[in-house]
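1. here is my input; please provide its structure:
(one chain, ligands or ions: 2)
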Amino acid sequence: MSAGPSPSTSGAATTDVPAAAKVFALVGNPNCGKTTIFNALTGLRQKVGNYPGVTVERKEGTAFGQHGENFRLIDLPGAYSLSARSPDEAVLRDVLLGRRADTPKPDAVICVVDASNPERNLYLATQILELGIPTIIALNMIDVAESRDVVLDAKVLAAKLDAPVIPMQANARVGLIELKMAMTRDDLSASTYRTTIPSELEAALIKHVPALEKWDGETRRSHKWEALYLLGEHDPAHSGLSESERTRYRDARRKLEEGFSGWEETLVATRYDSIHAICKEAITHPHSDQPTLTDRLDSFLLHRFWGWATLLTVMTVLFSLIFSYADMPMGWIESGFEALSGWVRTVMPPGDLRDLITDGVIAGVGGVVIFLPQILILFFFIGLMEDTGYMARIAFIMDRLMSKVGLNGKSFIPLLSSYACAVPGIMAARTIESPKDRLITILVAPLTSCSARLPVYLLMIATLVPSEKVPVLTKVSFMLGLYVLGTLGVFVFAWLFNRFLLRGKSTPMILELPSYKAPTFKAILLHMWERTRIFIRRAGTIILGISILLWFLATYPKHESDDTGTQIEHSFAGRMGKTIEPAIRPLGYNWEMGVSLIASFAAREVFVSAMSVIYNVEDTGDEDLQPLRQRLLAANHHDGRPVFTPLVCLSVMVFYVFAMQCMSTVAVVKRETNSWRWPLFQFVYMTATAYLAALAVYQIGSRLGY
Ligand code: GDP
Ligand code: MG
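-> Ligands and ions are numbered 1, 2, ... in the order given. Sure thing, here's the model as predicted:
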């Protein structure tokens with residue numbers, strides 16, 4: 001779907017806690033279970049995603065300690081370090097340093113560490129400890145660690161890090177009480193853990209970084225570390241620093257680079273060395289070295305051949321279910337709207353108002369709402385794939401292709417979520433550090449077949465292969481073809497932009513593969529419910545509005561004629577359609593489709609509702625609402641030829657694969673790129689591609705005699 005906020009913004013935070021309540025911040029790597037712990041502590045509802053980068057906004061809630069004490073809890077963006085290479089990391093660092101006006105400086109931190117991936121997670125954890133804020137380490141995912149045969153000894157870890165370490169399995173609420181008890185403790189103090197910096201580097205730091213003069217001074221032990229993380233900042237766009245601070249740090253960095261080249265790499269290596277040493281003592285391997293279930297599944301699902309074969313099978317099953325299981329609920333919705341329309345006809349006198357309700361409102365909204373069952377099936381599957389960990393595998397095998405066009409796996413996560421809706425997908429691109437990769441990802445994201453295209457595809461496929469006798473697989477292969485075409489578009493344009501438009505190097509990234517797990521149906525149902533709400537809200541707002549508007553445009557001005565075709569052709573909509581008809585005739589479209597096409601610049605599904613309104617207004621008979629596809633099948637040109645030949649249906653579908661028909665996407669791209677330049681560029685390149693591709697389909701198809 002292409003509008004609405006990201007699904008995770010639903011549960012508004014309740015903050016009716018006295019201002020004096022202690023503020024805890026939840027921090028950790030992406031995907032380590034922060035949101036799960038946040039939900040368990042606050043009881044707030046929120047989407048639980050399954051790969052890095054889902055949590056981009058700040059969330060706040062109220063938590064209760066073991067004895068009913070009030071706490072304020074802030075869920076901070078996931079990050080791998082404090083060196084602020086991405087906006088997310090900058091937000092995290094600035095909140096922890098108390099440098100953001102919109103968020104209180106936390107009194108204490110709950111640092112979530114994924115126990116199944118200790119070395120990478122401890123990187124951030126040790127940085128946090130050095131900031132001098134009292135910190136509790138929530139050692140989460142101990143079940144996964146156990147299954148991977150890496151078990152961390154919490155006692156050893158606590159001694160090494162000088163902080164309480166609480167073993168947890170957050171999704172099963174294991175360790176929650178212990179965590180609450182730790183939060184309640186009033187002797188929670190800052191850790192004394194500090195990474196030992198090599199003396200040569202330390203000397204260079206003191207010499208070149210003015211802010212470090214008070215090195216570990218009496219005032220605040222954390223001073224030096226604060227300065228270090230501020231020094232690591234590269235991109236002023238993410239900065240929470242003031243102009244003068246930024247200049248000071250930039251100068252310091254330059255001098256330092258001259259005085260000790262490679263200082264940053266040395267620091268990173270030093271930190272990893274200390275973490276290695278800790279892990280060596282804290283990690284035990286209780287089991288033998290048998291491959292885990294995840295390993296065995298992955299050797300198949302990530303296989304060069306079987307991986308793709310599985311993906312194709314999964315998609316085929318998904319689309320088959322969409323085509324075969326949605327019929328019945330669709331029939332119910334259809335007869336519901338028919339009955340409603342029939343009822344309106346019996347209780348209201350004939351006239352424009354009645355026509356507005358039946359031909360405008362009911363036909364328009366009903367035409368789109370009927371696709372709800374399919375959309376629900378789609379989101380059930382997306383949720384299932386996310387929650388079991390399979391989605392991350394899709395990203396992994398796609399990553400091999402992505403690297404060929406100059407993008408990396410990190411781009412693929414936003415792109416994958418764009419298959420649901422480009423809007424949250426584009427927002428998720430914030431997690432991409434390289435500005436070039438981020439922009440390319442944003443530019444190609446709307447080419448993925450989002451769920452708003454589903455109604456258009458489904459209507460056209462139903463018109464294209466109307467017979468019940470045609471095997472479901474035929475319809476499925478059309479659907480697969482459309483998804484593949486959109487995906488190819490992503491690759492081709494990413495390659496083109498990478499090659500000709502934007503220069504710069506991509507940062508490689510290692511895609512993290514979570515272990516497989518049994519899905520939590522509650523999370524999936526919640527996810528489906530969010531999408532249903534967004535879908536219905538769109539039907540009740542944008543689609544309703546445009547349907548009413550279109551009804552007026554198609555009904556007025558009234559024309560003195562008995563011939564109804566003439567009446568609608570003289571209406572505002574008719575004249576509009578006639579005006580643009582020359583431009584779309586080469587694609588095989590009539591003026592009715594032209595009007596719908598223009599209306600659907602607001603949102604892709606509007607094409608369906610607009611067709612429904614226009615064909616209902618055009619039909620003056622007082623008969624009941626008819627399924628739209630039957631009307632389309634019956635539509636003829638003036639000379640009696642059918643309008644919706646298979647070729648025209650194909651041409652429409654291909655148009656919608658590429659077209660940028662979504663106001664919300666334009667708005668979010670404007671916001672994320674901070675200019676009109678890129679959304680305009682995107683609009684132009686996508687619309688031009690859509691037009692040319694649809695033109696090619698129709699013209700070549702006609703020449704070939706279809
Ligand atoms: P966040 O990105 O840090 O907010 O991580 P989430 O809270 O969204 O968790 C990511 C995934 O890990 C979700 O599917 C959770 O259900 C799951 N999860 C969280 N804690 C645990 C745990 O202790 N064990 C296991 N097996 N899964 C967990
Ligand atoms: Mg989260």
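2. which stretch of helix or strand covers the closest residue to residue 66 other than its chain neighbours?
-> Nearest non-adjacent residue to residue 66, counting by C-beta to C-beta, 6 or more residues apart in numbering: residue 180, 4.4 Å away. C-beta: built from backbone N, CA, C; applies to glycine. For residue 180, the element it lies in under DSSP states H and E is helix 176-184.
3. packing partners of that helix?
-> helix 34-42, strand 59-64, strand 108-114, strand 135-140, strand 165-167 (3 or more C-beta pairs under 8 Å, 6 or more residues apart in numbering; DSSP states H and E).
4. distance to ligand 2 and mean pLDDT added to the ones you listed, as a markdown table?
-> Output for the helices and strands packed on helix 176-184, formatted as a markdown table (distance: least, C-beta to the ion, whole Å; pLDDT from 0 to 100):
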| stretch | distance to ligand 2 | mean pLDDT |
| --- | --- | --- |
| helix 34-42 | 3 | 89 |
| strand 59-64 | 8 | 82 |
| strand 108-114 | 10 | 96 |
| strand 135-140 | 12 | 97 |
| strand 165-167 | 19 | 95 |
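5. what's near enough to touch residue 378?
-> Residue 378 makes contacts with 318, 322, 451, 454, as judged by C-beta atoms under 8 Å, 6 or more residues apart in numbering.
6. which residue in the residues you listed has the weakest pLDDT?
-> Across the set of those, residue 322 stands lowest in pLDDT, at 80.
7. which residues touch that one?
-> By C-beta under 8 Å, 6+ apart, residue 322 lies in contact with 374, 377-378, 458, 479.
8. avg pLDDT for stretch 152-163?
-> 93.
9. next: stretch 593-605.
-> 87.
10. same question for stretch 636-643.
-> 78.
11. for residue 518, helix, strand, or coil?
-> Following DSSP: H, G, I helix; E, B strand; the rest coil, we place residue 518 in the coil state.
12. burial count for it?
-> The number of residues packed near residue 518 is 7, by other C-beta atoms under 10 Å.
13. residue contacts, it?
-> residue 388.
14. and it, what are its phi and psi?
-> phi -70, psi 140 (degrees, to the nearest 10).
15. elements contacting the lengthiest helix in the chain?
-> Longest among the helix segments of the chain by residue count, using DSSP state H, is helix 677-703. When contacts are defined as 3+ C-beta pairs under 8 Å, 6+ apart, helix 677-703 packs onto helix 435-444, helix 646-658, helix 663-673.
16. before we move on, back to that, let me have the contacts of residue 378 in a markdown table, extended by distance to residue 254 and secondary structure.
-> Below are these laid out as a markdown table (distance: C-beta to C-beta, whole Å; DSSP: H, G, I helix; E, B strand; the rest coil):
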| residue | distance to residue 254 | secondary structure |
| --- | --- | --- |
| 318 | 54 | helix |
| 322 | 58 | helix |
| 451 | 49 | coil |
| 454 | 53 | helix |
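17. of these, which is the nearest to ligand 2?
-> Using C-beta to the ion, residue 451 is the member of the contacts of residue 378 that lies nearest ligand 2, at 22.5 Å.
18. which residue packs closest to residue 548, ignoring adjacent ones?
-> residue 360 is the one closest to residue 548 (C-beta to C-beta, 6+ apart), at 5.3 Å.
19. list the contacts for that neighbour?
-> 547-548, 550-552, 613, 616-617.
20. close to ligand 1, is stretch 522-541?
-> No - Stretch 522-541 lies out of reach of ligand 1 by C-beta under 6 Å from any ligand atom, never closer than 6.7 Å.
21. for that stretch, the averaged confidence score.
-> 83.
22. how far out from the middle of the chain is that stretch?
-> Relative to the chain's own centre, stretch 522-541 is displaced by 15 Å; criterion: C-alpha atoms, centre = their mean, to the nearest Å.
23. re the thing from before, can you say which of the contacts of residue 360 are buried?
-> For the contacts of residue 360, a burial check counting by 16 or more other C-beta atoms under 10 Å picks out 547-548, 550-551, 613, 616-617.
24. which of those residues sit farthest apart?
-> For the buried ones among the contacts of residue 360, the farthest-apart pair by C-beta to C-beta is 548 and 616; their separation is 12.9 Å.
25. JSON lines please, covering the helices and strands packed on helix 176-184 and showing mean neighbour count.
-> Listed next are the helices and strands packed on helix 176-184 as JSON lines, based on neighbours: other C-beta atoms under 10 Å:
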{"stretch": "helix 34-42", "mean neighbour count": "23"}
{"stretch": "strand 59-64", "mean neighbour count": "21"}
{"stretch": "strand 108-114", "mean neighbour count": "26"}
{"stretch": "strand 135-140", "mean neighbour count": "26"}
{"stretch": "strand 165-167", "mean neighbour count": "23"}
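26. what ranges does this structure have for its strands?
-> With DSSP state E as the criterion, the chain has strands at 22-28, 59-64, 70-75, 108-114, 135-140, 151-152, 165-167, 283-284.
27. mind giving me CSV with the ones you listed and columns for distance to residue 313?
-> Formatted as CSV, these follow (distance: least, C-beta to C-beta, whole Å):
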stretch, distance to residue 313
strand 22-28, 35
strand 59-64, 37
strand 70-75, 37
strand 108-114, 31
strand 135-140, 33
strand 151-152, 36
strand 165-167, 39
strand 283-284, 38
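28. so which helix or strand of the chain has the lowest pLDDT on average?
-> One helix or strand of the chain scores below all others by mean pLDDT, DSSP states H and E: helix 564-570, with a mean of 68.
29. returning to what we had before: so how far is ligand 2 from the residue nearest to residue 548?
-> 42 Å (C-beta to the ion, to the nearest Å).
30. look up how far ligand 1 lies from that residue.
-> 43 Å (C-beta to the nearest ligand atom, to the nearest Å).
31. residue 680 too?
-> For residue 680 relative to ligand 1 (C-beta to the nearest ligand atom), the value is 34 Å.
32. again with residue 668
-> 22 Å.
33. residue 455 now?
-> From residue 455 over to ligand 1 (counting by C-beta to the nearest ligand atom), the distance is 30 Å.
34. neighbours around the residue of the stretch 151-300 of the chain found nearest ligand 2, how many?
-> Going by C-beta to the ion, ligand 2 is nearest to residue 170 of the stretch 151-300 of the chain, at 11.2 Å. Neighbours of residue 170 under the rule other C-beta under 10 Å: 25.
35. so it is in contact with residue 38, correct?
-> No - counting by C-beta atoms under 8 Å, residue 38 is not a contact partner of residue 170; they are 9.3 Å apart.
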